[in-house]
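A.B. asks: model this:
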Amino acid sequence: MKTLSDYITAICKDRDMKIEDLQKKLGCSRTTLYRYMKGINRITPDLAKSFIEALNMDVQETLAFSKLASLSAYDQSLVESRYAIDDFLFGKQQKPNAKVDVDMVFYDNDKYLRTLKEVLDYIRSFSEKEDLIGNVKIVNCLSDNIFTQIVAFLEKAFTGAGDVHAEHFLGLSETDYLQNACSFISIFPLMINEKYRLYFREKEMEDALTNDSMLVSLEYKENGKPVNRYFSISFYEDSMSECIAFSDKYMYSFLSKVYENLKRSLSSVIQKYDNMDFTDDIISEMCKRESIYIIKPNPCFDKVPYEAYLSMTGRMSDEEKMVFLSGAHGKPIDSETMPSAFETAFQYIQKRLEYAQNARQIDVYSKAGLLEFSRTGRLSDHMEHLPAFNQNEIDMIIKHICNRRDNPDDDYKLYITGCDLLRNELVIYASKGYGILISYVYPERSDGLWRVLLVQSKRLASIFCDYIENHIPITHAINENEATSYLDSLT
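C.D. replies: Predicted coordinates:
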């Protein structure tokens, strides 16, 4: 049986039409056309009509084309995205290495043959310059051999002596779940750094800067005098990639405007927060949605019954309460403001518990995480200066979860994984109609790292929701009887 790619190629050959001609007629990039032909991206009805018109198909050809298009690997992409997320959450934590370096033509007063690593190392050599200020603009650049080196370059630049920031412009695929999952996994190491900003939209970018590219600006002093150096890097699939080094401010201003225009066209920006006040409303809003999916080693704070909070805070002195509230709200709380701050905190807890009780929720915990909680009384994201739960409070929490899980009128599901989560430091909230909220648990607070990330991408959220609903129960969750026995053993 012919594949869709074979069929389109044959028709093009019969029409004496080059693939490049078909690409121009469809108004898409060569890479995107390739993904349609391979069935990686779904061909929508409107796009199918464009194919039929562009290739001037007759009735029989149209029928054959429509049948092959309907058998595209759209659903397969969703399945493959589950395994990508699976490896991210449960796989071996290894930093990917670029297998093949990227050859480049490097123009710097003369023409040289260099590799991407050599070019980036050269740019990074400016990091020790006096009063260095750097700005890096990136468009996509997510292929393994390119982005692995960019991540290494930025991680070193962010921790260097100079002040270097990066802006990353990314277009998500409208149909390719695997590509979107891999994009998220690739950029994750940079997302938590305050010097990295991600701008994205929920569709691929084909209207500007169609090639993967970077624009680097360096400003520094040399012998007390200001100096500017710029680097424009373009990556090509079918020809040698190139980097142009220059010092002309007007040329940089011209190139920079293209990136700024692209930035204005992006509809979403990753949001970053570092204290409870900024995240309370977001979590409450997510709980109001059709469903919320949560992955973490052990229970969320919204699964802690009110009685357990009353019991725990009843053991705290006023001084301990002030220290805890100051850290939670990111501002000093004294003896005068403590009562009102404490009342506000409990109002939030009640509201959060109410939303959690009424929402459709699926939680994913691990056996190891639950065991750690039962031994220590501390959740994986236990708030700083909050006392550990005692055994009586631990029993309250576990029984509350069991009662919710066993109540046929409560739209709550709990999956317990037999293997441990690789990402124990993360709490992931996903809501199909909203996005992904990631709480990052630091062993020790590090300068320059964010505590909470909000990615308002429905496309990325749908991947995580599908993964939890359709992959976790089959591949990782212990059966219901085993889960019941395990929970009972912890009380």
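
A.B. asks: quick one: low-confidence ranges for the stretch 301-450 of the chain?
C.D. replies: Scanning the stretch 301-450 of the chain for pLDDT under 70 picks out 442-448.

A.B. asks: for the strand or helix carrying Ile85, enumerate the helices and strands it packs against.
C.D. replies: For Ile85, the host element (DSSP states H and E) is helix 74-90. Helices and strands touching helix 74-90, as assessed by 3 or more C-beta pairs under 8 Å, 6 or more residues apart in numbering; DSSP states H and E, comprise helix 177-191, helix 458-470. In short, each C-beta sits where N, CA and C put it, glycine included.

A.B. asks: and the longest helix along the chain, what does it pack onto?
C.D. replies: Assignment by DSSP state H gives helix 338-358 as the longest helix of the chain. Packed against helix 338-358 by the contact rule (3+ C-beta pairs under 8 Å, 6+ apart) you find helix 276-287, helix 306-313, helix 318-329.

A.B. asks: domain map for this protein?
C.D. replies: 4-72, 103-269, 273-489 (automatic domain parsing).

A.B. asks: what about the last one, how long is it end to end?
C.D. replies: This means domain 273-489. The first residue of domain 273-489 is 37 Å away from its last residue (C-alpha to C-alpha, to the nearest Å).

A.B. asks: so how far is it from its chain's centroid?
C.D. replies: Distance, stretch centre to chain centre, for domain 273-489: 20 Å (C-alpha atoms, centre = their mean, to the nearest Å).

A.B. asks: same question, the first one
C.D. replies: The chain centre lies 32 Å from the centre of domain 4-72; the measure is C-alpha atoms, centre = their mean.

A.B. asks: in a markdown table, list the helices and strands packed on helix 338-358 along with distance to Ile436 and mean neighbour count.
C.D. replies: What follows is these, written out as a markdown table (distance: least, C-beta to C-beta, whole Å; neighbours: other C-beta atoms under 10 Å):
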| stretch | distance to Ile436 | mean neighbour count |
| --- | --- | --- |
| helix 276-287 | 10 | 17 |
| helix 306-313 | 27 | 16 |
| helix 318-329 | 23 | 17 |
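
A.B. asks: of these, which approaches Ser253 most closely?
C.D. replies: Nearest to Ser253 among the helices and strands packed on helix 338-358 is helix 276-287; the distance by C-beta to C-beta comes to 35.1 Å.

A.B. asks: C-terminal to that closest one, what's the next element?
C.D. replies: Assigned by DSSP H and E, the successor of helix 276-287 is strand 292-295.

A.B. asks: in its sheet, what does that next one sit against?
C.D. replies: Paired with strand 292-295 in the same sheet, following DSSP bridges, are strand 361-366 (parallel), strand 426-431 (antiparallel).

A.B. asks: on that earlier part again, now tabulate the domains of the chain in CSV and tack on distance to Asp86.
C.D. replies: Converted to CSV, the domains of the chain look like this (distance: least, C-beta to C-beta, whole Å):
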stretch, distance to Asp86
domain 4-72, 20
domain 103-269, 10
domain 273-489, 6
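
A.B. asks: among the ones you listed, which comes closest to Ile85?
C.D. replies: Nearest of these to Ile85, taken as C-beta to C-beta: domain 273-489 at 4.7 Å.
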